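Q: below are the sequence and a predicted model for it; my questions follow.
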Amino acid sequence: MTDFSHIVQFFFSGLTTGSMYALIAVSLVIVYKVSLLICFAQGEFFVIGALTMVTLVSKGLPMPLAFVLSILISTVLGALVQRVLIKPIQNASIGNLIVMTIAISLALRGSALLIWGKESHILKPFSSGAPIPVLGATLQPQVLWIIGITIIVLFMIWIFFEKTMLGIAMRACAENRLGASLMGISTNKAALLAWAWGSGIGALAGMAVAPLLFMQYGSGVMPMVKGFIAVSIGGLSSIVGSVVAGFLLGTVEAYTIGLISSKFSDTIVFSLLMVVLIFKPSGLFGKG
Amino acid sequence: MKLSKQFWWILPLVFIAIYPVTLAGGSPYWSGLLIFVGIYVILAVGLDLLMGYTGQISVGHAAYFAIGAYTSGVLTAKYGFSPLGAMVIGMALTGAVAWALGRPVLALKEYYLAMATLAFNEIVVTLIIGLEWLTGGASGLRDIPPFSIFGLVLSNHMHYYYFVWAVVIIVITSSLAVVRSAFGRTLLAIHSDEIAARAFGVDTAKYKTRIFVLASVFASMAGSLFTHYMGFLAPDDFGVLTSINILVMLFLGGIGTIYGPILGAFFMKLLPELTYQIHDYELLLNGLILIVVLVFMPKGLFGIFTGIWEKMFARADK
Amino acid sequence: MKKLFVLMILCFVFVMFTGVGPVMAQTKAPYKIGGIFPLTGYLSWLGEYKKKGSELKVELINKAGGVNGRPLELVVYDDQSSPETGSRIAQRLVSKDGAIAMIGTASVPISGAVASVGNRYKIPTIIGSGYEVDPKKDYYVFNSAHKTDFAVERPFQYFKDKGITKVALLMPIGPLGELGGGLARKYAPKYGITIVGEERFDVKAPDITAQLAKLRTLGPQAVFSFCTGEPAALVARNMAQLSMNIPVLVSHGNANPGFLKLVSNVNIPIIVPAGRAAAPESIPDSDPCKKVILDFNKAHQQKFGEPANYYSAEMVDAVDIIAAALKVAPSAEGEKLRDAIEKTKGLVGMNGIYNFSPTDHHGTVLQDMMVLTVKDGKWQVLLK
């Protein structure tokens, strides 16, 4: 055990939590970029994705199949929620819309409570394997899965929004709603797809992270708040920024705990957030 | 007809005055319930001034609730201060904090402002938990004495009810006064177009900070009232979840109307009375009720009432 | 459509304000006991155990003829794991529902809020949490849970027997952490233990390896983490990840079947203090509590498909204490009932034999707690 092993461990701890924050932050930013809506229900898709996978696996489905099915189910759920609950009030004030997402999160969490009960559920890691030793510290292999999935998601987002007609059209909607619809782009379809993407990635985050934690109906709140913090640091307008911010948040947290104070680490992190917001209002990577 | 339109508010006032002895039947439970409602009315109305009229999103209003509550609690339980004195100190402290935060934080826009207010809420709560030698930490602060004014102890629930509602009415009337004044009109102007207001030479930062201080001071008062009623304080009741509850009251009732949030507070604090027995379904039900209100009553409960009111008087004036 | 909703709202308001009415304590028919449990919120998983246990006990008492010829009625409400809600429900129970006593609450702050109401309205209240009852200030409050001190002293005795002298504290931010940390420092000298360091962690955190890595540099022989449920399992799991093969002592709140599931694939020695109710087979037949536990477990198994556990036991004993006091109290009225409860001596419960007094509102003793460990998905007794 070298003298620095615990310093390395701090880094791995930060990597572990940061990877989770990053993926959720991405799902938040996608929904915002296309529909200009901050979705408070994101944490619930996180939980529903994970718990759906737990149920499917316990019914005997092989993991990869359960994985794909869970994403599909959550994506459909997200689209359904958008169509039935968001679309009818899409012209309401932004405040009403945000409170609607809060209401949706309550309803979804309440449903999760009824479906999966109050106990915590366990999901096995995607690959069996001992923690990876590096320089005297260890990293859980599942973290590599999370990072890998994040990279794939970023790649898919890039391809979709830069290279496909549908994606470009969605970006157009976000930038100029009236203009886009004048050009014949269906803004309704764009909003629907934005939610589908958001809920899909949110669920994906939940499934990827579940093996590290224990999932129960209320487990989505904390990750979502951390996701919001990451987005605030990275800036609402930057997808890559939110990913970097997520990892940054995790790392700063871990080092604050390790080197300064584990008792006041939250106070320090939130104070740092306020400082960032006050001095760089659109986030570290956002455009003013 | 015109007379009743002018003085319609006498009816609810009379109702509040006679409630504890008549409908509540002298029962401490029902007076107690309306004491909680009154406290949240103060919180919601304060937030409405900030969010509804001036357009500044705050997802951390409970922070000021907490500062007032804990100042009162710590000073009276641990250092023997008089409750009235402690409450005033709490208000001064909260006002000072809001003043200091005002300029930098209120310069932020929408989402980032919301996150900053959320962050401050969390800072306050984590400090309360961390400074356990002072606040009792997460285990809570015990043995808080009941409120007393210059030696007159208000330990009887009915007496406290009247005291709390006297404060509530002061808050409501002063809020209405602010809203109808020139100051209030400036706030609305800032809300609809801040850049234009500035172009007209308005020091928008000063106005925003002032209303922020007022809203926070109201919240601090509510906190002190809460403390002496509970007799016990725990940080659990002052987190972001509470802030969000207050926000929901605002939207449910009808934001930007003062009366709306009052209705919202009544609704949210009395709804559990109907849903008590169903435990597990309560969360889902709360979500569904909120959804229904948002879809079918976008102007909130107050919007419905004004709608009926207009219809009634429109017909009568023919 | 809009008019319909308006009408609905008006009706709701109307019902709200006419549904009220003076309902004072009934002196005929059933004895009403209020049950305040966390059925939703972060404590919901243990609220269920407490609710089931108390409901079954009330049922059994009523089947056997009730108390003084009258049935007991348990009025259950959900405190939503929130002190404010707990306070409101307690007030509802004492002034609207006419409860003659209250039981429940599962956390220190909620117990505090409810205790405040019990003292104010002079209604005996039996809580079941780590809340320390000061009989002078909490005149009307009793605690059927084992004193948290026991959950620290007994395992420390085990550490002493095994030659473990260096312990690191990894305490959750929250009431449990404050309680555990304070008691650990209080009793360490008595058992020859040195606290080498203390770190805190957020119970919702997904990873605690940073704190553990820091503590590991101090060379501890055991870790004491006074937390319950998921966080406790996470501490154990993270310790395994860091190859910290030393025992981890967690709270007695983990003496329930759910916890066994959470740590099913963790290989670190996990130490859990518990009452007899967690491992009844290991109790000698000469112990009077054994029969009480096994009889109740049979009934619980029949009704709910699983035996009772340490949590249900607390509330079962609470009901028992109230029932026994009602039999000897001159009336069910607040102060008289409280006095009868305080005079309770030698009541054989599931968690021990209760002896209350004006200076002791907890009733149980150090020897009522055992020290268990997890072995092959089951409990194994380390120290009786």
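A: Sure thing, it's come through.
Q: same question for the helix or strand where residue B:312 lies, mean pLDDT?
A: Assessed by DSSP states H and E, residue B:312 sits inside helix B:300-316. Mean pLDDT, taken over the full extent of helix B:300-316, equals 76.
Q: equivalent analysis for stretch A:200-210, please.
A: Mean predicted lDDT for stretch A:200-210 stands at 91.
Q: quick one, helices of the stretch 101-250 of chain B?
A: Using DSSP state H, counting those that start in this stretch, the helices of the stretch 101-250 of chain B run over residues B:110-130, B:132-135, B:157-180, B:182-192, B:194-199, B:204-230, B:240-253.
Q: could you give the separation of the third one from the chain centroid?
A: The gap between where helix B:157-180 is centred and where its chain is centred comes out at 11 Å by C-alpha atoms, centre = their mean, to the nearest Å.
Q: same check on the second one?
A: For helix B:132-135, the separation from the chain centroid amounts to 26 Å (computed by C-alpha atoms, centre = their mean).
Q: what does it contact?
A: B:70, B:73-74, B:128-129, B:138-139, B:141, B:233, B:235, C:178 (C-beta atoms under 8 Å, 6 or more residues apart in numbering or on different chains). For glycine as for every other residue, the C-beta is placed from the backbone atoms N, C-alpha and C.
Q: related to what we said a few turns ago, and the helix holding residue B:312, what does it pack onto?
A: helix B:240-253, helix B:259-275, helix C:2-18 (3 or more C-beta pairs under 8 Å, 6 or more residues apart in numbering or on different chains; DSSP states H and E).
Q: in the first one, what counts as buried?
A: In this case it means helix B:240-253. Going by neighbour count (16 or more other C-beta atoms under 10 Å in any protein chain shown), the buried part of helix B:240-253 is B:240, B:242-253.
Q: next, see if it gets close to chain A.
A: Yes. With C-beta under 8 Å from any C-beta of the partner chain as the criterion, chain A is reached by helix B:240-253 at B:240, B:244, B:247-248, B:251.
Q: may I see the residues you listed arranged in JSON lines, with pLDDT as well?
A: Shown next, in JSON lines, are the residues of helix B:240-253 next to chain A (pLDDT from 0 to 100):
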{"residue": "B:240", "pLDDT": "88"}
{"residue": "B:244", "pLDDT": "89"}
{"residue": "B:247", "pLDDT": "89"}
{"residue": "B:248", "pLDDT": "88"}
{"residue": "B:251", "pLDDT": "86"}
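Q: nearest to chain A among those residues?
A: Using C-beta to the nearest C-beta, residue B:251 comes nearest to chain A of those, at 4.4 Å.
Q: so that closest one sits right up against residue A:93, yeah?
A: No. With contacts counted by C-beta atoms under 8 Å, residue B:251 stays clear of residue A:93, the gap being 9.2 Å.
Q: chain neighbours aside, what residue packs nearest to residue B:66?
A: What sits nearest to residue B:66 in space, not counting adjacent residues and going by C-beta to C-beta, 6 or more residues apart in numbering or on different chains, is residue B:238, at 3.7 Å.
Q: residues in contact with the one you found?
A: By C-beta under 8 Å, 6+ apart, the neighbours of residue B:238 are B:62-63, B:65-66, B:69, B:121, B:124-125, B:128.
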